[in-house]
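1. predicted model, plus sequence, below.
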Amino acid sequence: MIDEILEKIKQANKVLIITHVNPDGDTLGSASALKLFIGDKADILVQVESKLKVPEIYKFLPKMDDVKFLDTVKDEYDLLIAVDVASIDRIVEFPRKMFDKCKNTINIDHHKTNKGYAAINLIKGGYSSTGEVLYDFFNEANIKITKEMAEPLYVAILTDTGCFRYETVTKNTFLAASNLMEKGIDTSLIAKKCYDNKPKSMITFQADIVSKAKFAFDDKVAYAIITSSDMEKFNVKNEHTEGIAETLRSIKTVDISILLKENEEKITKVSLRSKTIDLTPVVEKFNGGGHRMAAGCTIRKPAKVAIELLLDEIIKYV
Ligand SMILES: [Mn+2]
């Protein structure tokens, strides 16, 4: 499969690297490293709702000043590579149409729930991150990982493992991190850029949301609701909700935390985190996906209704 991927990249005239909606450090870091490898013929598509910007915190990654957004991407690519995209519905309409039409498609991912929607699927289900999958790919393909590529790969692994804390972390993850460090990257500085670089509004907004959290099933479940008017009040973007579910999960009694984001159309995006309970059967009920301890879904109902549906399901597991 590695040779096949290399061959496709070599033959292609124009490559589009597709990151998932609401991009995180793994999808952007992986895209950044992949573009550094492929070079100028590759573009990165960043899919962000309304505001066409790379999340502030990841702007320091290489090549992030030169990405395509949904309003500027054209149907001109003969190879599409999705990175960290668990399912095809994490690509929005126009690029998905391109994806369906293009015969050269590659899917590089680590989600166990990934069904392999591309012509070539490099999926290592259960791996810590797409960054680690790519790290192995570069090594197995004998591609030299430069210092510049090492930084985004490290960011992908660091952020998707919650700083090397999750159960997806293996010996191979640490080996990858160690070898990336050997390329001369400043891991302490990278951690500061990723974690100690938040806008003031994000912290005050999160404090407000966390203070309004509710608890269920003897405090085993914690949940918080965000509406579009909350976001407006604090003048924050979607990326600034990152970390709230983890904060709620860090409470001693809590096993499952849920963050519900209700948009103007009363559609609710749900992120779930857990300490011990496998979330995949829960989100699969709602056509979602993800990992055992971190998963998500979209429920086309207001948040207050969505949480009732979720709690009815979760009661079977807590
Ligand atoms: Mn990931």
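-> Yep, that arrived. Numbers count the residues shown, from 1 in each chain.
2. how about the residue lying closest to D219 once chain neighbours are set aside, what does it touch?
-> Distances taken as CB to CB, 6 or more residues apart in numbering place T253 nearest to D219, at 4.0 Å, with adjacent residues excluded. Every C-beta, even on glycine, is put in place using the N, C-alpha and C of the backbone. With contact taken as CB atoms under 8 Å, 6 or more residues apart in numbering, T253 is in contact with D218, D219, K220.
3. make sure I have this right: the second one is in a strand.
-> No: under DSSP: H, G, I helix; E, B strand; the rest coil, D219 sits outside any strand and is assigned coil.
4. next up, phi/psi of it, please.
-> The phi and psi torsions at D219 (degrees, to the nearest 10) take the values phi 60, psi 20.
5. correct me, but it touches V254?
-> Yes: the pair D219 / V254 is scored as a contact, 6.5 Å apart, by CB atoms under 8 Å.
6. returning to what we had before: state whether the residue nearest to D219 is indeed within a helix.
-> No: read with three-state DSSP, T253 is coil and lies in no helix.
7. and stretch 12-25, what's buried?
-> Taking 16 or more other CB atoms under 10 Å as the basis for neighbour counts, the residues of stretch 12-25 that come out buried are A12, V15, L16, I17, I18, T19, H20, V21, N22, P23, D24, G25.
8. between the residues you listed, which is nearest K304?
-> N22 (22.3 Å; CB to CB).
9. please name the nearest non-neighbouring residue to that closest one.
-> Take N22 and drop its neighbours on the chain: the residue closest to it by CB to CB, 6+ apart is N238, 5.7 Å away.
10. count of residues packed around whichever residue of the chain sits closest to the ion?
-> Taking CB to the ion as the measure, the point where the chain comes nearest the ion is D26, at 3.5 Å. With neighbours defined by other CB atoms under 10 Å, the count for D26 comes to 30.
11. what count of nearby residues applies to E132?
-> The burial metric for E132, expressed as a neighbour count using other CB under 10 Å, is 27.
12. for it, give me the pLDDT.
-> According to the prediction, E132 has pLDDT 98.
13. got a list of what it touches?
-> When contacts are counted by CB under 8 Å, 6+ apart, E132 touches H110, K124, A156, I157, N172, T173, A176.
14. the first one reaches Y135, doesn't it?
-> No: in terms of CB under 8 Å, H110 does not count as a neighbour of Y135; the distance is 11.2 Å.
15. between the two, who's got more neighbours?
-> Neighbour tally, H110 and Y135, criterion other CB under 10 Å: the higher count belongs to Y135, 29 against 26.
16. residues contacting the more buried one?
-> When the contact criterion is CB under 8 Å, 6+ apart, the partners of Y135 are I145, L153, I157, A176, N179, L180.
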